[in-house]
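Colleague: attaching a predicted model along with its sequence, questions to come.
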Amino acid sequence: MTAQSKISASFDAEKARADFEILSRQVYGKPLVYLDSGASAQKPRVVLDAMRDFAQSEYANVHRGVHFLSAAATDRYEAARRTLQKFLKAASEDELVFTKGGTEAINLVAHSYLMPTIQPGDEIVLSVMEHHSNIVPWHFLRERHGAVLRWVDVRDDGCLDMDALDAAIGPKTKLVAITHMSNVLGTITPLKDIVARAHAKGVPVLADGCQGAVHQPVDVQALDIDFYVITGHKLYGPTGIGALYAKKAHLKKMRPFNGGGEMIREVARDRITYADPPARFEAGTPPIIESVGLAVALDYLMALDRTAVAAHEHDLLAYARQQVGQFNWLRVIGDAPGKGAILSFEADGMHAHDLATILDREGVAVRAGHHCAQVLMERFSVASTSRASFALYNTRADVDALIGGLSKAREILVHG
Amino acid sequence: MTAQSKISASFDAEKARADFEILSRQVYGKPLVYLDSGASAQKPRVVLDAMRDFAQSEYANVHRGVHFLSAAATDRYEAARRTLQKFLKAASEDELVFTKGGTEAINLVAHSYLMPTIQPGDEIVLSVMEHHSNIVPWHFLRERHGAVLRWVDVRDDGCLDMDALDAAIGPKTKLVAITHMSNVLGTITPLKDIVARAHAKGVPVLADGCQGAVHQPVDVQALDIDFYVITGHKLYGPTGIGALYAKKAHLKKMRPFNGGGEMIREVARDRITYADPPARFEAGTPPIIESVGLAVALDYLMALDRTAVAAHEHDLLAYARQQVGQFNWLRVIGDAPGKGAILSFEADGMHAHDLATILDREGVAVRAGHHCAQVLMERFSVASTSRASFALYNTRADVDALIGGLSKAREILVHG
Amino acid sequence: MDSALRELYQEVILDHSRHPRHYGAMDGASHKAEGYNPLCGDRVTVYLLLGPDGRVADIKFEGKGCAISQASASMMVDMLKGRSQAEAEKLMQGFLHLVKGEDASDLSEDDRERLEVMGGISEFPMRVKCATLAWHTYKNAVEEGAT
Amino acid sequence: MDSALRELYQEVILDHSRHPRHYGAMDGASHKAEGYNPLCGDRVTVYLLLGPDGRVADIKFEGKGCAISQASASMMVDMLKGRSQAEAEKLMQGFLHLVKGEDASDLSEDDRERLEVMGGISEFPMRVKCATLAWHTYKNAVEEGAT
Ligand SMILES: Cc1ncc(COP(=O)(O)O)c(C=O)c1O
Ligand SMILES: Cc1ncc(COP(=O)(O)O)c(C=O)c1O
């Protein structure tokens, strides 16, 4: 504990809190304790300022005009792509496609990469801890094209079962689709190892980095990963934007996703040709103002000492883990070594929704439910869990409020 | 002219201008004259304020939590849907699906409504003045499913050829996809009449209202239209959001579009069921902050006397039309009676891009190019046009600046 | 302690949720339906035996869920037993109004008194779905659940 | 009058665009390519006759476009004629640097002087593509356009 506290001391969460206006608000007369960043993170002032400033001084549609504002907006939009390239350490900015979110990015891969060639019996390997966004697009391929989903289990502590992964990847596997970090268990998957094993069998890998990219630096080249997905609103950025990283060789071969302006080369009555990537996959007016906000959010993150931030988040998790350890009526789900700062649990005699309601009245925002991970709920034989997820702006005081709220809930619901 | 000026006097454009901060900026030391609202409109302060206020005081993910912020955000998101319902006069809020923009809304219809049942030889009727967003999704159905595109011509003045429309709708027609207002010609199509003719033959109609809904009130029930598409950023709202209106009977039968969180009912390893509309079509975290901005933009519009706004815009168009009439070296493309406030033209000896560059240096922002309407360019045998598009915040002074800029451009490029 | 919370989790509610009345499956049910709340994964099954006159001759429920949904289901079966379809419908409408904080004066005085303990839910709009799950499931059973 | 604009639309440029040199199709071209700018719909076709040593024995172009793209194409054919592939490549790189406002000191003095009129484009980033269209098309013709 001491060592950890020492490391985390190098990140000043109190100072960071001041960047997030919403964190100083009250709910029901109590200070807000926001432990739902896993669902969506709050946005620092610089992000909101940048979006507003841009919208009221440089806004126009992109890629379409030669006039000043259009040029300025296009510059900002393309600069955002380069910021993202830097954030994910991609080889080329052309390997980054802006989407409306993480979900759309995964659908893009299902639709444009897999669907054109998938055959009945072809297999997609995925883990039982995937978010629905990394399940449903593959179910579509099952329903409509006869693909087979091969599920890789997790161990009881929430670790991915690597032997099961090896066993699942076979000659018919067309893709491994795996989360970088579970939004329920907090488990971080060994992506590099997974990619190596899959590539050894000639199988490409998609990582759902919607959670993973928030809590650790990502280097898509070092990972040698084929597809990597992020979403803006969890990265302290705006809603309405996400992105797909894909290796150029894949993008070049992928067919268009949505059709419309910007993604074409030439349109005639009876024939059509398409633009090169990434434009080919960005039909219509893109999330322009959102791209500006996302770039600032990524810059905000990159300007921090991310190792220190990670240490801080781990400290919060360890502290919370230790504190809930005193409650013998509470069962934590997910205890993988090195896991990210997410704490899911069940409490005897207290349904997750009742618990969340009571915590809410204490100002403590947690999530209750299946967390868009019903397959995982089934794996752990629960209908729902409560989840506290920690972000860079959380503190030990937030954990204390959670613990206090849990005791109160127990008092009301069990001893009441 | 007098009559028109009198009517337009009831809308105070100068006052409205004050709502749009960007309009008071300068470019190259000249006052900005923004005549590119057809590509994207500027956003009033109330919209930007509302988004910012929401993001820094009420933000969380929607539909997912029981906590205060999540409830507040969900309320705002669903209230935005009701505002949109009011704006389009839909029978039920469940008939409105939020999308990332107009383009995605049309793709949704192509993918979820037509694709599951389309047969080789089935026909889609569309006009030659469609935006690529209302062309490319149908080209996909042609390329991949053997659908046939039946093109309806426009007359030389830009009016839709209604006889050609009648002739095009036949027993194999599965959909009429038509713009409500051309983004190049300004032509407004007689939607009610079009719907009546199509329905008489049992054919549903999709209207691309990305431009049309900006310049006139829409009543989807009075039109009896099947699908109506809008995009936020042209409606003085944010980027990253648009919407599809669709009759409930259609939505109920449509299969999902993207797969992910929120759009499912139950997900298991080997089976899946989907949520009811509209959730079924809103996979993943939606554009939450954008929905708040869109609602405020629509309220802003609805609070205006829209007849007066339309009269004001028509006055600008008539004035501009009259002013360019003095230039015998300039040819206006699109002169349909009652057309919306868009002026496209060709100028002898001046390529649209050179013209736009010179106008830009005068502070005048116009669009040059094919305007994502290459089929229409071909119809009028031009490679590109220049386009001035007027919004509620434009004034006769803006027209004067345009006219002055045109003379200057002529001086440089032709007499220079 | 938050008074809204205290009202929501009244002793009566907690008691109903801990010791639900008429809990369990029913052999020989004439109607049956399963309700599901996708938000939390809660599930409830309602079993009905309707008499020839449509009266609720017997009713039971089964399922897992939060205190609110369990208590609501338990109170519902308690109160529906013996009612005619028209009476049941009236009770349901009154209940729906009550939990949404709307006017529930249609209810008989006795019904209103018994249901009053659920009135606190109107302060918790995110939980209204929990309270209404069993009722909607009952309705489904009657309308589409003939076994 | 805006000086950047004056520099962009210099007399030399306007003259080239109004009276393009070596305009038209070429019979017996050894290489040919079509370039297309999707932004504005402009199109240019470059015809080449490469000698056995790779030298540009003859070159012509055809197409419609803005003053910048026409002038740039016209100057390009004027200057490329007679050059070896290496010389042509060097000229092209220098030109690309010049219009982007980058260091173009690689160019010979003579070339730099002749191309200088295009330097004004660097002030108009949105128009750089217009200026480079013909050059990229030439390159395409050499690399993939053997007839
Ligand atoms: C692991 C994971 N994947 C995917 C998503 C989907 O992201 P979005 O909802 O932004 O599309 C989420 C968040 O909801 C997530 O936690
Ligand atoms: C007529 C028309 N339809 C569709 C669109 C596409 O809208 P968006 O780019 O917002 O998706 C536009 C604007 O670009 C348009 O003018």
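Modeller: That came through, no problem. Everything quoted here is computed from the prediction, not taken from an experiment. Numbering: from 1, shown residues only, chains lettered A, B, ... in the order given. Ligands and ions are numbered 1, 2, ... in the order given.
Colleague: the helix or strand in which C:Lys32 is found close to chain B?
Modeller: If you go by DSSP states H and E, C:Lys32 is part of strand C:31-37. Yes: applying C-beta under 8 Å from any C-beta of the partner chain, one finds strand C:31-37 in contact with chain B at C:Tyr36. (C-beta placed from N, C-alpha, C; glycine too.)
Colleague: with stretch A:73-88 instead?
Modeller: No: judged by C-beta under 8 Å from any C-beta, stretch A:73-88 stays clear of chain B, getting no closer than 8.6 Å.
Colleague: okay, buried residues for that stretch please.
Modeller: Buried residues in stretch A:73-88, counted by 16 or more other C-beta atoms under 10 Å in any protein chain shown: A:73-74, A:76-77, A:80-81, A:83-85, A:87-88.
Colleague: please apply the same query to stretch C:82-93.
Modeller: For stretch C:82-93, by 16+ other C-beta under 10 Å, it's C:83, C:87-88, C:90-92.
Colleague: so C:Cys66 touches C:Leu133, yeah?
Modeller: No: C:Cys66 is beyond contact range of C:Leu133, at 9.6 Å (criterion: C-beta atoms under 8 Å).
Colleague: the most centrally placed residue in chain A: what's its closest spatial neighbour, skipping adjacent residues?
Modeller: The centre of chain A sits closest to A:Cys210, judged by C-alpha atoms, centre = their mean, with a distance of 1.3 Å. Once flanking residues are discounted, A:Cys210 sits nearest to A:Gly102: 4.1 Å by C-beta to C-beta, 6 or more residues apart in numbering or on different chains.
Colleague: and the residue of chain C closest to chain D?
Modeller: Closest to chain D within chain C is C:Pro38: 44.2 Å, counting by C-beta to the nearest C-beta.
Colleague: quick one: that residue from ligand 2, how far?
Modeller: 30 Å (C-beta to the nearest ligand atom, to the nearest Å).
Colleague: any idea how many residues pack against the closest residue to A:Gln374 other than its chain neighbours?
Modeller: Closest residue to A:Gln374 apart from its sequence neighbours, by C-beta to C-beta, 6+ apart: B:Val267 at 4.6 Å. Residues near B:Val267, counting by other C-beta atoms under 10 Å in any protein chain shown, number 24.
Colleague: likewise for A:Leu149?
Modeller: When neighbours are defined as other C-beta under 10 Å, A:Leu149 has 18 of them.
Colleague: same thing with A:Ala249?
Modeller: 9.
Colleague: that one belongs to a helix?
Modeller: Yes: A:Ala249: assigned to a helix according to DSSP: H, G, I helix; E, B strand; the rest coil.
Colleague: quick one: residues contacting it.
Modeller: By C-beta atoms under 8 Å, 6 or more residues apart in numbering or on different chains, no residues touch A:Ala249.
Colleague: what's the strand or helix carrying A:Leu301 in contact with?
Modeller: A:Leu301 belongs to helix A:288-303 when assigned by DSSP H and E. By C-beta under 8 Å, 6+ apart, the list of residues contacting helix A:288-303 from outside reads A:19, A:43-44, A:46-48, A:50-51, A:54-55, A:59, A:61-62, A:73, A:76-77, A:79-81, A:83-84, A:86-87, A:98, A:232, A:235-241, B:40, B:233, B:238-240, B:290.
Colleague: go again with 7 Å.
Modeller: Contacting residues not belonging to helix A:288-303 are listed as A:43-44, A:46-47, A:50-51, A:54-55, A:59, A:62, A:73, A:76-77, A:79-80, A:83-84, A:87, A:98, A:232, A:235-238, A:240-241, B:238-240 [C-beta atoms under 7 Å, 6 or more residues apart in numbering or on different chains].
Colleague: isn't A:Gly261 right up against B:His132?
Modeller: Yes: between A:Gly261 and B:His132 a contact is recorded at 4.8 Å, counting by C-beta atoms under 7 Å.
Colleague: do a quick rundown of the strands in chain C.
Modeller: Secondary structure of chain C (DSSP state E): strands located at C:31-37, C:42-50, C:56-64.
Colleague: tell me which of the ones you listed sits most buried.
Modeller: Of all those, strand C:42-50 carries the top mean neighbour count, a mean of 23, counting by mean count of other C-beta atoms under 10 Å in any protein chain shown.
Colleague: A:His145 contacts A:Ile118, doesn't it?
Modeller: Yes: using C-beta under 7 Å, A:His145 makes contact with A:Ile118 at a distance of 4.8 Å.
Colleague: report the contact partners of the closest residue to ligand 1 within chain C.
Modeller: The nearest approach of chain C to ligand 1 comes at C:Leu39, 14.4 Å away (C-beta to the nearest ligand atom). Contacts for C:Leu39 (C-beta under 7 Å, 6+ apart) come out as A:369, C:129.
Colleague: redo that, cut-off 10 Å
Modeller: A:353, A:368-370, A:384, B:63-66, C:126, C:129-130 (C-beta atoms under 10 Å, 6 or more residues apart in numbering or on different chains).
Colleague: likewise for A:Ala110?
Modeller: Taking C-beta under 10 Å, 6+ apart, we find A:Ala110 in contact with A:118, A:124, A:134, A:136-141, A:147, A:175, A:177, A:206, A:257, B:258-259.
Colleague: the top helix by length along chain C: which residues count as buried?
Modeller: Determined from DSSP state H, the single longest helix within chain C is helix C:128-144. Using 16+ other C-beta under 10 Å as the test for burial, helix C:128-144 gives C:128-142.
Colleague: now stretch A:10-21
Modeller: A:11, A:13, A:16-17, A:19-21.
Colleague: low-confidence regions, chain C specifically.
Modeller: Within chain C, the ranges that satisfy pLDDT under 70 run C:1.
Colleague: among the contacts of helix A:288-303, the buried ones, what's the ChimeraX command?
Modeller: Selecting only the buried entries of the contacts of helix A:288-303 in ChimeraX, with 16+ other C-beta under 10 Å as the criterion:
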select /A:43,44,46,47,50,51,54,55,59,62,73,76,77,80,83,84,87,98,232,235,236,237,238,240,241 /B:238,239,240
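Colleague: how about the residues of chain A by ligand 2?
Modeller: Applying C-beta under 6 Å from any ligand atom, we find that chain A lies next to ligand 2 at A:260-261, A:284-285.
Colleague: report the lowest-confidence entry in these.
Modeller: Across these, the smallest pLDDT goes to A:Gly261, namely 93.
Colleague: doesn't it belong to a strand?
Modeller: No: with three-state DSSP as the criterion, A:Gly261 is coil rather than part of a strand.
Colleague: is it in contact with B:Val136, as I believe?
Modeller: Yes: here A:Gly261 reaches B:Val136: they are 8.3 Å apart, a contact under C-beta atoms under 10 Å.
Colleague: overlap in contacts of the two?
Modeller: In contact with both A:Gly261 and B:Val136: A:267, A:283-284, B:103, B:372, using C-beta under 10 Å, 6+ apart.
Colleague: what segments of the stretch 101-250 of chain A are strands?
Modeller: Under the criterion DSSP state E, counting those that start in this stretch, the stretch 101-250 of chain A carries strands at the ranges A:123-127, A:148-152, A:173-179, A:205-208, A:227-231, A:242-246.
Colleague: up against chain A, what does chain C have?
Modeller: Within chain C, the positions near chain A by C-beta under 10 Å from any C-beta of the partner chain are C:1-2, C:4-6, C:8-11, C:13-14, C:17-18, C:37-43, C:63-70, C:123-124, C:126-127, C:129-130.
Colleague: about what we covered before: where does the residue nearest to A:Gln374 land on pLDDT?
Modeller: 96.
Colleague: and it, how far from B:Asp157?
Modeller: Using C-beta to C-beta, to the nearest Å, we find B:Val267 at a distance of 54 Å from B:Asp157.
Colleague: do C:Thr147 as well
Modeller: C:Thr147 is 67 Å from B:Asp157, where distance means C-beta to C-beta.
Colleague: repeat that for C:Arg6.
Modeller: For C:Arg6 relative to B:Asp157 (C-beta to C-beta), the value is 72 Å.
Colleague: surely A:Ile22 is within a helix?
Modeller: Yes: judged by three-state DSSP, A:Ile22 forms part of a helix.
Colleague: count of neighbours near it?
Modeller: Using other C-beta under 10 Å, A:Ile22 is surrounded by 19 other residues.
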